[in-house]
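Undergrad: Okay, sequence plus prediction incoming.
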Number of protein chains: 2
Amino acid sequence: MPSPGEGEAVVRLAYLSIDPTNRVWMREEDSYLPAIRIGDVVRCAGLGVVTESRNPAYTPGDLVLGLLGWQEYAVVDSGERSAQVIPPGLAPTDVLSIYGSTGLTAWFGVHDVARVVEGDVFVVSGAAGGVGSVAGQLAAIAGARVIGIAGSAEKCRWVTEDLGFDACIDYRREDVPARLAELCPDGIDVYFDNVGGAILDAALANLAIGARVALCGAISSYTAAEPPAVRNTFELVSRRARMEGFLLLDYVDRFPEAVMGLLPLVLEGRVRHAVEVVEGLERAPETLNRLFTGDHTGKLLLRVSDAADRPE
Amino acid sequence: MPSPGEGEAVVRLAYLSIDPTNRVWMREEDSYLPAIRIGDVVRCAGLGVVTESRNPAYTPGDLVLGLLGWQEYAVVDSGERSAQVIPPGLAPTDVLSIYGSTGLTAWFGVHDVARVVEGDVFVVSGAAGGVGSVAGQLAAIAGARVIGIAGSAEKCRWVTEDLGFDACIDYRREDVPARLAELCPDGIDVYFDNVGGAILDAALANLAIGARVALCGAISSYTAAEPPAVRNTFELVSRRARMEGFLLLDYVDRFPEAVMGLLPLVLEGRVRHAVEVVEGLERAPETLNRLFTGDHTGKLLLRVSDAADRPE
């Protein structure tokens, strides 16, 4: 266990957030954040409990959230390595999912980037994932007809039967372009993309005039040597459509607004979410890999210790 | 010469506008307008003079603009085949270029889609073309640093020395990604795309955070069996960038605003434009093909008759 220097505090990790973007940071080249180098602690969002502090912003026992990384203890400060103190009352696993990266990404993607309105035909890929499953429900609440794209019959069943999506395409068994054309005869008004590549291309081929494409992620490309080809960009001209990428980190100042927006929807059961917790820091690599084989549903978390499992 | 039916007028064609989008309409599949079918008159914008009228909207001698097509005489009405009466005082060749499709496309692309502001780094492909040459000058007037991409040393010379672009990359001789990185060390704020494909990909790889990509055309794809691959769409996420397609036909109601905006700039010599006039309707196919070999500069027009060459 490290000891805090002046202005530092030590955090015992409890849960790690396992997100596709972690894999982006492991590529050779820098992305929107510097690449993780060999020998660095793997960067990821994590939740832990302050055990010792020489910084007035942190008190032992505080639950804190930050880019704490794949480790048992992290050292935080009030500068580049700062962490956010989480008010009591929220379940730790919710803080890293529905009120964390996945829920908030869905919130800003649907409301700010895609600007979903009543009557929109809304298509989301990675529909059974942490972001996609929430995005589809938020779009439905905004009045859209919601069509998911997911990788198994079971995932499609979950988003349609349990989450209320209007339809879901199983991309492993169905012809995505043909099914999109069939399910969206007047075109797609909003496409919320988590996967990129061929499915993005299929969506571009089926846009309605004035469509919005919110690019949230491109999981099909993160482990590829070369990003997959997208050929239908001219459809953005024909359909006078807008395609826009976004990152949650640009919305940090507005997190409270999104949490306040999500809270009643979650408490009333209008937005549901799934979290799978994997036990043990040593399973971080295999758990990250599961994002790319698609054998999970909802948000993946890693439980590193029982530090946060105190009675609320 | 056709005779007008009730509610119709006959127009003698004077000039035809030769635009890349004409080629899009010739593809097998429909685009934003129905595909031209074998046996149809080839659709294009044209300017002519009313010779005979049975419609109160048109008077013999009126100069009119519309989708008049590759023919010597067109029949217009007040419905789907309507044409716009052009007020006297504008040169016919200007009506089809700087105050027509190319100038107006540049105007709305720069101001409405790309929203160029002071200090932007603005890159435009097809820089020596009818749209690109005007777009670059409008961006410079809005306070941007302007970098063109064009297909010859002579074109690069024209846009830098005569039109005042800050730099120009000759894509046939230079390494576009490397030169863009060199000329835009802090990234591209606005990319105005007329070509698509590999050059679009190179621009995507060099975007600044918050960049806007205005998709105007994709001339590299119009004659290709399969549209060229674009691989860098994930850069839109990393750079939180927006890519948006647009069509001039959506701005018809605002043409007067753009013409009024361009008029003083043109008259003061702050916006210059080039027009090449080719003689003879029979040369329409070869003239259209020249857009795709890139051996022209500025706007290409076809002179079909002397109908509009009256003294102003």
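TA: On my side now, so go ahead.

Undergrad: what are the ranges of the helices in the stretch 1-150 of chain A?
TA: Ranges of helices within the stretch 1-150 of chain A are A:20-24, A:92-95, A:101-108, A:130-141, based on DSSP state H, counting those that start in this stretch.

Undergrad: Pull up the residues of the stretch 151-300 of chain A that are close to chain B.
TA: Counting by CB under 8 Å from any CB of the partner chain, the residues of the stretch 151-300 of chain A lying close to chain B are A:196, A:200, A:215-218, A:221, A:226-247, A:250. For every residue, glycine as well, the C-beta is placed using N, CA and C.

Undergrad: Same check on the stretch 1-150 of chain A?
TA: Residues of the stretch 1-150 of chain A lying near chain B (CB under 8 Å from any CB): A:31-32.

Undergrad: can you pull the contacts of the residue of the stretch 1-150 of chain A found nearest chain B?
TA: Distances between the stretch 1-150 of chain A and chain B by CB to the nearest CB are smallest at A:Tyr32, namely 4.4 Å. Shown in contact with A:Tyr32 (CB atoms under 8 Å, 6 or more residues apart in numbering or on different chains): A:247, A:249, B:237-239.

Undergrad: Now flag whichever of the residues you listed is closest to B:Asp162.
TA: B:Arg239 (32.6 Å; CB to CB).

Undergrad: Count the neighbours of the residue lying closest to the closest one once chain neighbours are set aside for me.
TA: Once flanking residues are discounted, B:Arg239 sits nearest to B:Leu207: 4.3 Å by CB to CB, 6 or more residues apart in numbering or on different chains. A count of neighbours around B:Leu207, defined by other CB atoms under 10 Å in any protein chain shown, yields 27.

Undergrad: I'd assumed B:Arg242 was in contact with B:Leu207.
TA: No - applying CB atoms under 8 Å, one finds B:Leu207 not in contact with B:Arg242, separated by 10.1 Å.

Undergrad: ok now do A:Ala211, which residues does it touch?
TA: Each residue near A:Ala211 by CB under 8 Å, 6+ apart is listed here: A:187-191, A:239, A:241-242.

Undergrad: Now name the helix or strand holding it.
TA: Using DSSP states H and E, A:Ala211 sits within strand A:207-215.

Undergrad: Which residues belonging to that strand are considered buried?
TA: Residues of strand A:207-215 classed as buried by neighbour count (16 or more other CB atoms under 10 Å in any protein chain shown): A:207-208, A:211-215.

Undergrad: ok, of the residues you listed, which one's closest to chain B?
TA: When those are compared for distance to chain B (CB to the nearest CB), A:Leu215 comes out closest, at 5.0 Å.

Undergrad: picking that back up, next, give me the two most distant ones among the buried residues of strand A:207-215.
TA: Largest separation among the buried residues of strand A:207-215 by CB to CB: A:Ala208 and A:Leu215, giving 17.5 Å.

Undergrad: Any stretches of chain A with poor pLDDT?
TA: Under the criterion pLDDT under 70, the flagged ranges of chain A are A:310-312.

Undergrad: Apart from its chain neighbours, what residue comes closest to the residue most central in space within it?
TA: Nearest residue to the geometric centre of chain A (CA atoms, centre = their mean): A:Thr102, 3.3 Å. Excluding the flanking residues, the one nearest A:Thr102 by CB to CB, 6+ apart is A:Gly130, at 3.4 Å.

Undergrad: ok, the one you found touching A:Lys299?
TA: Yes - under the criterion of CB under 8 Å, A:Gly130 makes contact with A:Lys299 at 3.5 Å.

Undergrad: who touches both of these two?
TA: Both A:Gly130 and A:Lys299 are contacted by A:97, A:102, A:273, under the criterion CB under 8 Å, 6+ apart.

Undergrad: Mind putting those residues into TSV with distance to B:Ala178?
TA: Shown next, in TSV, are these (distance: CB to CB, whole Å):
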residue	distance to B:Ala178
A:Ser97	43
A:Thr102	38
A:His273	46
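
Undergrad: returning to that earlier point: could you check how far the residue nearest to B:Arg239 is from B:Cys184?
TA: Look at B:Leu207 and B:Cys184: by CB to CB, to the nearest Å, they are 9 Å apart.

Undergrad: same thing with A:Ala178?
TA: Counting by CB to CB - A:Ala178 and B:Cys184 are separated by 41 Å.

Undergrad: ok, these two, which is more surrounded?
TA: Neighbours per residue (other CB under 10 Å) separate A:Ala178 from B:Cys184, with B:Cys184 holding more: 21 against 12.
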